[in-house]
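Asks: Structure here, sequence nowhere to be found:
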């Protein structure tokens, strides 16, 4: 079973702090990874993707990929209450290159 | 540009009934994937279609079927509904499968409740 594991949380950080979300994966064949944000009752919306080892920055978000350790993370700088949501990590694998999701980490940013 | 659209937004059915969910991908996208998300879990892959061909199928029973039309829209059918089929059904579109075009964008979902 190809799995993606996330800490389910909940994770609480104060406004303005850095939120760190982590994800591990078991399929070494996974080449690219996606972070989605999902507000309660809504569908997932793409934050960013990463497929090279190292860091990738987009505004307040930084994704990190370490293929040797099979580890993906998302850092959110200057966290805002509007960042409060469930964050889903997904890896791409399989012949259909489908997304395999973790169960999500619920983040609350406290004003 | 319009994003991924899905219909209906909500649906209530009873056990044993059949349901058809519909999805229109982003213009120019040729690949559609279906996912099921039960409360508290991440989405689970059901099907992927590309150029009207089934490219992959997740671990779901044969009660689940899908197809893609020449205009790249897609339908997901579920027969003999069970209580456990109650979930948010998500459609995602991408340009093509494969590293360059595989970013999947999700529609708003169809929330199905089976009583």
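Replies: On my side now, so go ahead. From a predicted model like this one, the values you see are computed outputs, not experimental measurements. Numbers count the residues shown, from 1 in each chain, chains lettered A, B, ... in the order given.
Asks: Next, name the residue at the spatial heart of chain B.
Replies: A centroid search over chain B (CA atoms, centre = their mean) returns residue B:34, at 2.9 Å, as the residue closest to the centre.
Asks: so what's whatever residue of chain A ends up closest to chain B up against?
Replies: Among all residues of chain A, residue A:96 sits closest to chain B, at 2.3 Å; criterion: CB to the nearest CB. C-beta coordinates here come from the backbone N, C-alpha and C atoms, glycine included. By CB atoms under 8 Å, 6 or more residues apart in numbering or on different chains, the residues touching residue A:96 are B:33, B:45, B:48, B:55, B:56, B:57, B:97.
Asks: buried residues in stretch A:18-33?
Replies: A:19, A:20, A:21, A:22, A:23, A:24, A:25, A:27, A:30, A:32, A:33 (16 or more other CB atoms under 10 Å in any protein chain shown).
Asks: Chain neighbours aside, what residue packs nearest to the last one?
Replies: This means residue A:33. residue A:72 (4.7 Å; CB to CB, 6 or more residues apart in numbering or on different chains).
Asks: all strands of chain A, in order?
Replies: Secondary structure of chain A, counting by DSSP state E: strands at A:4-6, A:11-14, A:19-25, A:33-38, A:45-50, A:54-58, A:61-66, A:71-76, A:85-93, A:98-101, A:105-110.
Asks: rewinding a little: pull the number of nearby residues for the residue nearest to residue A:33.
Replies: A total of 26 residues lie near residue A:72 under the criterion other CB atoms under 10 Å in any protein chain shown.
Asks: Tell me the bridge partners for it.
Replies: Residues found in beta-bridge contact with residue A:72 (criterion: DSSP bridges) are residue A:23, residue A:65.
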